[in-house]
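*Asks:* Mind looking at a prediction? Sequence and model below.
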Amino acid sequence: MIEARDTRRVRSTRDTPFVPTILLVESSRHDDRGVYAEYLRILKFHTIEIDDTADALALAFTADVIVTDVRVPGPFDGIELVRRIRAERRTTGKAVIVLTACIAENDRQRSYAAGCDGFLPKPCLPDELLAEIQRVMTIRFANFDGGRSSRVR
């Protein structure tokens, strides 16, 4: 069963400005996820907090940006989550950031090889995460072709 903390409000009109949804995938045992989620909520982002890779994959299509750790509970790790997001038709164009304490160069290379758009080492200030979210969203939306291609890159 998917148990996610979802702060989105169901209310949308043509006059409502676009508000990005950020899926935060990290173990609930870490305070970082809650700090990042609260910071993003204060800035009026919609956030979904989840701590299982299978559930994250099931919800990835609902997000504009997925932020994942490498070490996340579930049947596969965060790098495999990135691979699966890129392989799935309805999520292939989503922006993905790996935010992790696994900062060896090998981890960075594996993350980018899997298809992430950004990589941030922990500890990471919320402002740094916000800047990276804005950077990857700018790239993804600038390259958006209305879904005509199978992969936006």
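*Replies:* Thanks, I have it.

*Asks:* In this structure, where is pLDDT below threshold?
*Replies:* 1-16, 141-153 (pLDDT under 70).

*Asks:* again, only using 80
*Replies:* Residue ranges of the chain with pLDDT under 80: 1-18, 28-31, 140-153.

*Asks:* top helix in it by residue count?
*Replies:* For the chain, the longest helix by residue count, based on DSSP state H, is helix 126-142.

*Asks:* That one - contacts with which helices or strands?
*Replies:* helix 31-42, strand 65-68, strand 95-100, strand 118-121 (3 or more Cβ pairs under 8 Å, 6 or more residues apart in numbering; DSSP states H and E). Just so you know, the C-beta spots here come from the backbone N, C-alpha and C atoms, and that holds for glycine as well.

*Asks:* so V67 bridges to which residues?
*Replies:* Beta-bridge partners recorded for V67 (DSSP bridges): L24, I97.

*Asks:* Pick out the residue nearest the middle of this structure.
*Replies:* I66 (1.0 Å; Cα atoms, centre = their mean).
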